[in-house]
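Enquirer: Show me the folded form of this:
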Amino acid sequence: EDRKMGQLFCKICDEMDPVGGPTDDAKRRAECLSLYDNKYRSGFREVTDVNAEELLRIQRTDGLVSVLLVDCRSDKEIAVSKLPGSVSQKEFDRRSETLLAQSSGKTEVVFYCTIGARSGSAARAFGAKFPGVKVANFRGSLIEWAHAGGEVVDPNGRPTKRIHACARKFGNMMPERVEVVV
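Expert: From the prediction side, this is the model:
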């Protein structure tokens, strides 16, 4: 990030990043979903969305539905925290055929990142390569997960409140209870 005229320039998002953001969690969550729906979603409309409540419900079904979570963030971001049981996109790319074979075709592959933009593109590419596999993108991704009360874990699998937000503007959308790392 570089400071320019009272704002931050986000090299990942390639746009200006206001330093401030909404002050209450409901507004932060609404801003996240609005940005996803109105700016990022158009790049991968053919990909199905899944939301935080659906993923939380699936987690509570004790294995009746198998979901493979693929983290599309950078190694630096993943080193802070990730969704429990997720694999990095790098690992998934190396082992996708093995991971899918182990699931007997019953697995839905859900891609996520900070807000859903990078993961949506990855889900679109994967779905084109493996058309018979059920693929989804996590709408709002980690920001939405945090607002829904979902747990994140550190690299050792311990619960944490720390989340790398990729850019300050995304950190401003996280709920107050999250310790944002940028």
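
Enquirer: Which of the helices or strands spans the nearest residue to Met173 once chain neighbours are set aside?
Expert: Excluding its sequence neighbours, the residue lying closest to Met173 (CB to CB, 6 or more residues apart in numbering) is Cys32, at 4.3 Å. Bear in mind the C-beta positions are built from the backbone N, C-alpha and C, glycine included. Using DSSP states H and E, Cys32 falls within helix 25-35.

Enquirer: check contacts around the residue nearest to Met173.
Expert: Counting by CB atoms under 8 Å, 6 or more residues apart in numbering, Cys32 touches 115, 140, 143-144, 147, 170, 173.

Enquirer: Pull out the buried residues from those.
Expert: Listed as buried from these are 115, 140, 143-144, 147, 170, 173; burial here means 16 or more other CB atoms under 10 Å.

Enquirer: Just put the residues you listed in JSON lines and tack on distance to Ser88, secondary structure and pLDDT.
Expert: JSON lines is the format used below for the buried ones among the contacts of Cys32 (distance: CB to CB, whole Å; DSSP: H, G, I helix; E, B strand; the rest coil; pLDDT from 0 to 100):
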{"residue": "Ile115", "distance to Ser88": "18", "secondary structure": "coil", "pLDDT": "97"}
{"residue": "Gly140", "distance to Ser88": "20", "secondary structure": "coil", "pLDDT": "98"}
{"residue": "Ile143", "distance to Ser88": "19", "secondary structure": "helix", "pLDDT": "98"}
{"residue": "Glu144", "distance to Ser88": "20", "secondary structure": "helix", "pLDDT": "97"}
{"residue": "His147", "distance to Ser88": "23", "secondary structure": "helix", "pLDDT": "96"}
{"residue": "Phe170", "distance to Ser88": "19", "secondary structure": "helix", "pLDDT": "96"}
{"residue": "Met173", "distance to Ser88": "23", "secondary structure": "coil", "pLDDT": "96"}
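
Enquirer: wait, which of those is closest to Ala79?
Expert: Of all the buried ones among the contacts of Cys32, Phe170 has the smallest distance to Ala79: 16.9 Å, by CB to CB.

Enquirer: For Arg95, see how far away the closest one is.
Expert: According to CB to CB, to the nearest Å, Phe170 and Arg95 sit 28 Å apart.

Enquirer: next structured bit after the helix or strand harbouring Glu53?
Expert: Under the criterion of DSSP H and E, Glu53 resides in helix 52-59. Per DSSP H and E, the first helix or strand lying C-terminal to helix 52-59 is strand 66-71.

Enquirer: Give me the distance from that following strand to the chain's centre.
Expert: For strand 66-71, the separation from the chain centroid amounts to 11 Å (computed by CA atoms, centre = their mean, to the nearest Å).

Enquirer: now swap in stretch 167-181 and tell me
Expert: Stretch 167-181 sits 13 Å away from the centroid of its parent chain (CA atoms, centre = their mean).

Enquirer: Quick one: end-to-end distance for it.
Expert: With CA to CA, to the nearest Å as the measure, stretch 167-181 spans 9 Å from end to end.
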